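Enquirer: Give me coordinates for this.
(chains A and B)
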Amino acid sequence: MAAPVGGDLLRGWFRESVIHAPSTRENTAVTSWLSVLRSRLKFLLRRKRFESDMDEELRLHLEMQTQANRQSGMPPEEARYAALRQLGHLDGIKETARDQRGWIWLETTLRDIRYSARSLGSSPVFTGVAVLSLALGIGANTLIFSLLNGLLFRSLPVQEPVELRSITWVGHNVETGNYRGSGRRETASGGRAFPVFPYATYRDFRDHGTGFDQLFAFSSLPSRRAVTPAGASMVPVLMVSGNFFKGYGADVLVGRPISTQDDRPDAPLTAVITHRWWERQFALDPAAVGQQFSLSGLNFTIVGILGPDYSGPLLGDPADVYVPMSAQPQLDPAWPLASYHHWWVEIMGRLAPGADEQQAQAVLEVLFKRTLAAPGGKTKASKTHVLLEDGSRGPLMLRERAARPVYVLLIAVALVLLVACANLASLLLARGTSRVHEYAVRTALGASRGCLIRRCLTESLLLALAGGSFGLAFCWIAKRAILPLLSSATFDFHFDLRTDLRVLAFTFGLSLVTVLLFGLVPAFRTSRIHPVSGLKDRGAVGRSPRLGTFLVTAQVAVSVVLLVGAGLILRTLINLRAVDPGFDTENLLLFDINPGEAGYSGIRLADLYQDLTQSLARIPGVSSVAFSNLAFLTGGYSAAGVKIPGRPVLMLSPGQLSVSDSFFTAMRIPILLGRELDARDTSSASQSVVVNQSFARTYFPDENPIGKIIMVGSEEYSIIGICRDSQIQDLRQAPQPAFFHAFRQTYPESVVFAVRSRVSPSSLGPAIRRAVTCLDGGIPVTGMRTQAEQIDRLLMLERLFAGLCATAGLVALLLSAIGLYGLITYTAGRRTSEIGLRMALGARRSNVIWSVIRQALIMTTAGIVVGGVTAVGVGTVLSSGLYGVRPSDPLTLLGSAALLLAVAIAAAAVPARRAARIDPLTALRVE
Amino acid sequence: MTKPTDLVQGTLDLLLLKLLALEPMNGWSISQRLKQVSSEVLQVSDGSLYPALYKLEEKGLIQAEWRVTENNRRAKFYSLTRLGRSQLEKEKETWQRLSAAISYVVGLEKA
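Expert: Below you'll find the predicted structure:
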């Protein structure tokens, strides 16, 4: 029994002494730590000195010992030998001394990096191809991720964005009336979520809601006429509640933000403008603060200017002018502030610190139920509730929808990266194999397996760093190419493609993961070298390039998927461009004017249009002039419910357009029956419309519609003509029923002029602007574009997708070609002696070439088959985006396959010819 | 190469600090002195002496300078720093406690 007690006792003492020892040291801990650091730093910086001191000191030790030995009577030779023996293995001592130094890890790492950089630099082709492959893959991913980051992930540049909540409501079986909002969304429970509320409801929320520091509202007015020292222009406006800037958490650069004082019915009209608008309209003049400018004919005083990094809450940050809600009755009288029945303001809130969110939501819900119950409302819904959603990135509804196509692109670029990785892996493998001899020598000299793996990984890390950096550069170039394309297609949408920390982390994280993943396998394979066999036979490792073959086949397959995808989108684009729009799109210049904003109405408006038409027609080179309240092929159209007296109501909303005299002649839309609208259709004449073929077919299937009456609302119109169908909204849908009013009977406040010319239409711009200014300098000419550009804009998404997918496909093709070339070169090189033997036995050059190319063909064909099947599957999933082409389109599939085969043969031809030039004698002698 | 496995871990450091506290010395003198003072009991090879010295120097417990010996030879002389002196005190204390404890345990009689 005593022994265990003794043992425990012993352990206890030891533990005490061990625990006790460090605690006595703590008094001087800080100073000692500092001086240790200092002395360590000194050691780091004086590595050379350390080495030479050590040499010298050991040499002196030997000398003194030798002398001592001689003094004790040894013969000179013996004395030196004994001294050496006493001291021991000199290099061993030095090695021990070096290894125990504090900085050994840093020195080893630096040495590894230096060594790796040198070894990468000594094989520039390998390094170049690896870095280029990585950079292309990483760059494409960075670009698409930046886009997604701007849309979805980046927080608003405001104080504490996490406190922001976006407020929406959800209902089932919702019927809306007087609703103006930017999108709705299906919820998981089968209801729909809506982002807008009546302003009166907002006021209830603001006054009676709990748990919020601020509840603020905003509503956008897409395009208002502004007159500044720089002239008249159209500007997107955001109406905001007085506490907007306080709640949103943003401050101004110059002046002051809009306050609750400005948001009172009797307050003078004030505005805050963005930095970019300040630059455009006031050339960054600080005196702009305090200046007045006209907005929709009202004078607003600029009180503040937002900073260059400011970004508004809405997707794409369109607004350039912020005005208080109190301006609403004058700016936007149709949507009264006091009404519970007009749905048009978006609400966000900033939570108070430590607020109970559930309780806050419950309070809002009670208030919201009151809105729905308000008598006389047209909005009906059941099972409603209010949602508080994360508002740190602004209202998310539209962002999520806009991000959807970006995910498809993300998949495409991920595939490109996969192809690049396959290249990288096979390159590293091939490199490892070609360095078998070198590694065998290192192993034989005592390098451990861990040391070899560390070397391999250091090389990979350097590659990752270089690939990531060049990838960022690629991304930067691509951004410069894409941004103008995007912004030309979307006027007031400001894409956010900034490279922030998240993007950088994504880029380098991706490079690192890629390279580690694909560098690890080759590293382990290479490190498994047995020194003896590695030294004896240079081809001992990597007996079969089976992994290489698999990688190349996979590359080809992925390339096929991307190429087929790009092909399908290209064909869709070509098909859409080939659709007959039903009117002549050649030599047509469009521009917008909005005289209603400048105060024109009624007869004055009609006269202005008439005068402008005449003065435009006098411009040399113009052959005809027409206008309508909406342009064709913008992606949108205006619809109206139509009743035919004495007939059952059809649940259809045909398109309606208000057009000028001789509109159909100018647009070259043939009138099939009756006459077109002209100067006879004045405000006093009987109300007439022209309908298109589809309209006639739908509403009057078996009779002549001429002279028939249609009811639009309470107005009666008689049909005076039938025109041929044309594409009004877009090119994808079949022509829809539509009817056309005379402008003198509808007085559109803004119109699109269409000027047909005999000369290049874009050369007419200055003359047209002069003509408009001559009539009234206060009417801005906006959105000048040719009809062809309008169609480009309509097809923006398709063009963007076609461009990006084609680029992705070609990059993948290029990478596969590089991969194939590398593999074939490698295998052909290994077959040198075999080929030499065959040729010595009488094989002809063509046989040799064929045997090499055949290998490439087998891999490529396998890849094509796998890729083709996958592509058809992928295409089927995405078929809703296609037009006039099926996912199994033989032309696209065969075209992609042919392209890949051609590239594969080209890539294999170089090594094949090299193989054929082998001299049998030399080849056999090498062994 | 013999490593100081025959010495309790850390005791070589203590010995070196103690020797250098008496007077600054060069490497060879330290090796001679070690042999002298510990004679047959403690076996310290010259091979492990130098790495131990460098380690102490890197830790800032001792410092070195090149000086001329009495035989008119240049040699690297080591001396204790202030930090080394206080470290020596601590180590000494720890060692005394430890050795006393071990002596006590070794001297235990079967009860």
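Enquirer: Enumerate every residue touching residue 78.
Expert: Assuming you mean chain A. By CB atoms under 8 Å, 6 or more residues apart in numbering or on different chains, the contact set of A:Glu78 is A:Asn69. Yep, even glycine has a C-beta here, placed from its N, CA and C like the rest.
Enquirer: Wait, chain B was what I had in mind.
Expert: Counting by CB under 8 Å, 6+ apart, B:Tyr78 has contacts B:20, B:24-27, B:30, B:53, B:57, B:62-64.
Enquirer: Please identify the helix or strand for it.
Expert: Using DSSP states H and E, B:Tyr78 falls within strand B:74-80.
Enquirer: Quick check: can you name the pairing partners of that strand and their directions?
Expert: Here strand B:74-80 is paired, per DSSP bridges, with strand B:25-26 (antiparallel), strand B:62-68 (antiparallel).
Enquirer: ok so, going back, among the contacts of B:Tyr78, which one lies nearest to chain A?
Expert: When the contacts of B:Tyr78 are compared for distance to chain A (CB to the nearest CB), B:Gly27 wins out at 5.4 Å.
Enquirer: What count of nearby residues applies to that closest one?
Expert: 21 (other CB atoms under 10 Å in any protein chain shown).
Enquirer: so where's chain A uncertain?
Expert: A:1-33, A:35-36, A:39-40, A:43-44, A:102-103, A:182-184, A:485-492, A:526-545, A:926-927 (pLDDT under 70).
Enquirer: go on, chain B?
Expert: Across chain B, residues meeting the criterion (pLDDT under 70) sit at B:1-10, B:38-43, B:110-111.
Enquirer: How about the residues of it by chain A?
Expert: For chain B, the residues found near chain A under the criterion CB under 8 Å from any CB of the partner chain are B:1-2, B:26-28, B:31-32, B:45-48, B:50-51, B:54-55, B:57-60, B:64, B:73-76, B:81, B:83, B:86-87, B:90, B:93-94, B:97-98, B:101, B:105, B:108, B:110-111.
Enquirer: Can you turn the buried part of those residues into a PyMOL selection?
Expert: Of the residues of chain B next to chain A, the buried ones can be selected in PyMOL as follows, counting by 16 or more other CB atoms under 10 Å in any protein chain shown:
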select buried, chain B and resi 26+27+28+31+32+45+46+47+48+50+51+54+55+57+58+59+60+64+75+76+81+83+86+87+94+98+101
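Enquirer: Specify the local secondary structure of the residue lying closest to A:Gly636 once chain neighbours are set aside.
Expert: Ranked by CB to CB, 6 or more residues apart in numbering or on different chains and with sequence neighbours excluded, the top spatial neighbour of A:Gly636 is A:Gln729, at 6.6 Å. What DSSP: H, G, I helix; E, B strand; the rest coil gives for A:Gln729 is coil.
Enquirer: Ramachandran angles for A:Gln729?
Expert: Dihedral pair for A:Gln729: phi -80, psi -60, per degrees, to the nearest 10.
Enquirer: sorry, back to before: with just CA atoms, put the strand holding B:Tyr78 into CSV.
Expert: This file holds the C-alpha atoms of strand B:74-80, laid out as CSV (Å, rounded to 0.1, in the frame of the first residue of the first chain):
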residue,chain,number,x,y,z
ARG,B,74,41.0,36.4,-30.0
ALA,B,75,38.2,34.6,-28.4
LYS,B,76,34.4,35.0,-27.8
PHE,B,77,33.8,35.8,-24.1
TYR,B,78,30.5,35.2,-22.6
SER,B,79,29.2,37.1,-19.6
LEU,B,80,25.9,37.2,-17.7
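Enquirer: Of all residues in the chain, which one is nearest the centre?
Expert: Answering for chain A, as no chain was given. In chain A, the residue lying closest to the centroid (CA atoms, centre = their mean) is A:Leu147, at 2.2 Å.
Enquirer: try again with chain B
Expert: Short answer for chain B (CA atoms, centre = their mean): B:Leu16, at 1.8 Å.
Enquirer: I figured it was touching B:Tyr54, is that so?
Expert: No - judged on CB atoms under 8 Å, B:Leu16 makes no contact with B:Tyr54 at a distance of 11.2 Å.
Enquirer: Run through who's touching stretch A:208-215.
Expert: A:163, A:165, A:167, A:202, A:205-206, A:243, A:246-247, A:347-353, A:355-357, A:359-360, A:363-364, A:367.
Enquirer: Out of those, which end up buried?
Expert: Applying 16+ other CB under 10 Å to the contacts of stretch A:208-215 flags A:163, A:165, A:167, A:202, A:205-206, A:243, A:246-247, A:347-351, A:355, A:360, A:363-364, A:367 as buried.
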